[in-house]
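> model this:
(chains A and B)
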Amino acid sequence: MRIIVNGRERDLLPNQTLHHLIVSMHLDPDVVVTELNGAIVPGTAFTETILHDGDRLELLSFVGGG
Amino acid sequence: MKQNDTFHIGGKALTSRLFTGTGKYGDDTLIPAVCAASGAQVITVALRRVDLDKKADNVMRHIPEHMVLLPNTSGARTADEAVRIARLARAMGCGDWIKIEIIADNRYLLPDGYETAKATEILATEGFVVLPYMNPDLYVARSLASAGAAAVMPLGAPIGTNRGLRTEEMIRILIEEMDLPVIVDAGIGAPSQACQAMEMGAAACLVNTAIATASDPLGMGRAFGQAVAAGRAAFLAGPGAVATLARPSSPLTGFLDEPGGAA
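This is a model prediction of the structure:
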């Protein structure tokens, strides 16, 4: 199946969790915030959130700013 | 000087009136030392899409535990985008404080007062402590106050320019007319300018670029901390009146050899 991560298409095996995807991208789940199809997914729900074909995912994190 | 001159905002009592940022550091590992040297207690961060091509350092690692996080909504061009960023920042567990920054003008990065008031109203209703970045315009400040802002953050000069208090007279009017704390944000380039804002009665100053891009950010952070404290102390001490003609500090009577004086 195919999902969009930060505007880019990505192939994914079915029934993958958001947590698994984040870890497989070498990102730290503790410092990432996500929007799945426009809705915020809190970090506590990463392990129980299953991704589906066509999902649009935004992964964000804090950066330096003023 | 008044004892325990704390600054209350969003249910927190702050003893330092210097807010600082995390942008533009050549080396983010300097941030803890700058926080310590400057005494700042509030620090800003921004939220961005994760860059999937390169592994970026996590700025949060360098922010000391005791700091109050003030995420900004930079990158937002409309109220809706700012609200979205604020909610994401809160979902990340960094508290309820949010600096609204809504900018559609890329040349001078001037904030949009109308969209800022809209976002302020929505986020204040959702329980955020809203600190909006704004042009120092009295009417905008009033609309932000009625929208539920916890403070207003007028610019001294365009973001990152280090040009100082170019909007001094307008900021002076905000300080005089508004009941909310006035936090001068953007453009402050030197400690003397932060000191001047504090002498005028500003509640605090937010300084990022001037510290982060100094040759010695730690030394500059320390200087800003001292300048803000000095300006605040001067404000509390109540400056004397300004006059046009000279007013003698020493008596103009009893000169030596004065005719008719004492023998």
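> rest of the way, CA atoms for contacts and neighbours
Noted.
> Partner strands of the lengthiest strand in chain A and their direction?
In chain A, taking DSSP state E as the definition, the longest strand is strand A:56-64. Strands that pair with strand A:56-64, judged by DSSP bridges, come out as strand A:2-5 (parallel), strand A:33-36 (antiparallel), strand B:42-49 (antiparallel).
> State whether residue B:24 is indeed within a strand.
No. Judged by DSSP: H, G, I helix; E, B strand; the rest coil, residue B:24 forms no part of a strand; its state is coil.
> average pLDDT across the longest strand of chain A?
For strand A:56-64, the mean pLDDT works out to 93.
> Same question for it: list its buried residues.
Neighbour counts over strand A:56-64 (16 or more other CA atoms under 10 Å in any protein chain shown) mark A:56, A:57, A:58, A:59, A:60, A:61, A:62, A:63, A:64 as buried.
> quick one: contacts of it?
Where contact means CA atoms under 8 Å, 6 or more residues apart in numbering or on different chains, the residues beyond strand A:56-64 that reach it are A:3-7, A:31-38, B:21-24, B:44-50, B:58-60.
> Now for residue B:97: which residues touch it?
B:10, B:69, B:70, B:71, B:128, B:129, B:130, B:131 are the contacts of residue B:97 under CA under 8 Å, 6+ apart.
> What is the neighbour count of the third one?
Other residues within reach of residue B:70, judged by other CA atoms under 10 Å in any protein chain shown, total 27.
> Based on its surroundings, how many neighbours for the closest residue to it other than its chain neighbours?
Closest residue in space to residue B:70, ignoring its immediate chain neighbours: residue B:44 at 4.5 Å, by CA to CA, 6 or more residues apart in numbering or on different chains. Here the count is done by other CA under 10 Å, and residue B:44 has 26 residues near it.
> The strands paired with strand A:56-64: which one's closest to residue A:25?
Distance to residue A:25, taken as CA to CA, is lowest for strand A:2-5 among the strands paired with strand A:56-64, at 10.9 Å.
> interface residues of the stretch 51-200 of chain B facing chain A?
For the stretch 51-200 of chain B, the residues in contact with chain A under the definition CA under 8 Å from any CA of the partner chain are B:58, B:59, B:60, B:72, B:88, B:89, B:91, B:92.
> Remind me which helix or strand residue B:115 belongs to.
When elements are assigned from DSSP states H and E, residue B:115 belongs to helix B:113-125.
> for residue B:210, what are its contacts?
For residue B:210, counting by CA under 8 Å, 6+ apart, the contacting residues are B:160, B:162, B:188, B:189, B:190, B:220.
> buried residues in stretch B:48-66?
Of all the residues in stretch B:48-66, those buried under the rule 16+ other CA under 10 Å are B:48, B:49, B:50, B:58, B:59, B:60, B:63, B:64.
> Which one among the residues you listed sits at the bottom for pLDDT?
Taking the buried residues of stretch B:48-66 together, the minimum pLDDT is found at residue B:58 (86).
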